[in-house]
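>>> how would this look folded up:
(one chain, ligands or ions: 3)
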Amino acid sequence: MPVDERLVSHVPTAYGRAVSGGAPHPESDVPARRAAAADDKPRTGLIEVVCGSMFSGKTEELIRRVKRALFARQTVQAFKPRIDDRYAKTRIVSHGSIAIDAIAVSNSESLEGRVAPDTDVVAIDEAQFFDRGIVEVVDRLADAGKRVILAGLDQDYLGRPFPPMPDLMAIAEEVTKVRAVCTMCGASASRSQRLIQAGATVLVGGSESYEARCRACFRARDVAAGAL
Ligand code: ADP
Ligand code: MG
Ligand code: ZN
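Ligands and ions are numbered 1, 2, ... in the order given. Alright, predicted model coming up:
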């Protein structure tokens, strides 16, 4: 059966050109338009979010992406909130002891102030510890052509969405959810079980204070009711 020319002419290649003849495709001048646009405005960036529970490999994934960018000879700046000094003050360190250098900042405003104009990639760990202003900051950085990679907890110790992660996930071009291994049953874990009594949402800690649990093994109410 002959292929319908009208259909074929609408199949774009990677460069936006029509594959075959027929009537000129209405978007066949896409490459020219794209080149013209590139002259007057900087390359558009993007926002990537890596989220999940504690021990799910968020920091490892962030570091993996940073190392790939460095291999590609891109300029990278990594940031972490000053509050997180569990392993090191000026390094992002995973629970498996993989590390990269990082700048510790107190808030989103000082992060924005530290980003150099020629930086290609901005990596941010523990994004859930930043103030709400981080949403506008990373949006501006992406608008300025930077690739912004954020890693953070999507839920708090009661399984509630952990601000500002929901907003960051909403404006991101790409969201990756990673999961740990449930310490109770071995299933994939999406929750962070707090192991000690503490009412505050923010309690920076490691395996002495939290463990990864699946939905079935997670006991949020026990922590809230003080029945641990
Ligand atoms: P996150 O940043 O999500 O807290 P990290 O990237 O720092 O996680 O650490 C992930 C590493 O933690 C894993 O590669 C593994 O070595 C270790 N780990 C410890 N406990 C667990 C668990 N319950 N499930 C998966 N990995 C775990
Ligand atoms: Mg981490
Ligand atoms: Zn489980």
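
>>> partner strands of whichever strand or helix holds Thr176, parallel or antiparallel?
Secondary structure assignment for Thr176, by DSSP states H and E: strand 174-178. In the sheet, strand 174-178 lines up against strand 46-52 (parallel) (DSSP bridges).

>>> Export only the CA atoms of the helix or strand following the strand it pairs with, formatted as CSV.
Note on strand 46-52: by DSSP H and E, the next helix or strand toward the C-terminus is helix 58-71. Output of helix 58-71 as CSV, limited to C-alpha atoms (Å, rounded to 0.1, in the frame of the first residue of the first chain):
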residue,chain,number,x,y,z
LYS,A,58,19.4,11.0,45.9
THR,A,59,22.9,12.4,46.7
GLU,A,60,24.6,9.6,44.7
GLU,A,61,22.5,10.4,41.7
LEU,A,62,23.2,14.1,42.1
ILE,A,63,26.9,13.4,42.2
ARG,A,64,26.7,11.1,39.2
ARG,A,65,25.1,13.8,37.1
VAL,A,66,27.7,16.4,38.3
LYS,A,67,30.6,14.1,37.4
ARG,A,68,29.1,13.5,33.9
ALA,A,69,28.8,17.3,33.4
LEU,A,70,32.5,17.7,34.5
PHE,A,71,33.5,15.0,32.0
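
>>> quick one: is helix 58-71 near ligand 1?
Yes. Counting by CB under 6 Å from any ligand atom, ligand 1 has neighbours in helix 58-71: Lys58, Thr59, Glu60. All C-beta spots, glycine's among them, are computed from the backbone N, C-alpha and C.

>>> Can you tell me which of those residues has the most neighbours?
Lys58 (28 neighbours; other CB atoms under 10 Å).

>>> and Leu165, what is it in contact with?
No Leu there; residue 165 is Met. Val49, Cys51, Ala127, Gln128, Gly152, Leu153, Asp154 (CB atoms under 8 Å, 6 or more residues apart in numbering).

>>> Where do the strands of this structure begin and end?
46-52, 76-81, 91-93, 99-101, 103-105, 121-124, 147-153, 174-178, 180-181, 188-189, 191-194, 210-213 (DSSP state E).

>>> can you redo these as a markdown table with mean pLDDT, mean neighbour count and distance to ligand 3?
Shown next, in a markdown table, are the strands of the chain (pLDDT from 0 to 100; neighbours: other CB atoms under 10 Å; distance: least, CB to the ion, whole Å):
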| stretch | mean pLDDT | mean neighbour count | distance to ligand 3 |
| --- | --- | --- | --- |
| strand 46-52 | 98 | 22 | 15 |
| strand 76-81 | 97 | 22 | 29 |
| strand 91-93 | 93 | 19 | 27 |
| strand 99-101 | 91 | 15 | 29 |
| strand 103-105 | 96 | 17 | 34 |
| strand 121-124 | 98 | 25 | 30 |
| strand 147-153 | 98 | 25 | 18 |
| strand 174-178 | 98 | 15 | 17 |
| strand 180-181 | 98 | 18 | 9 |
| strand 188-189 | 98 | 20 | 7 |
| strand 191-194 | 96 | 26 | 9 |
| strand 210-213 | 96 | 23 | 6 |
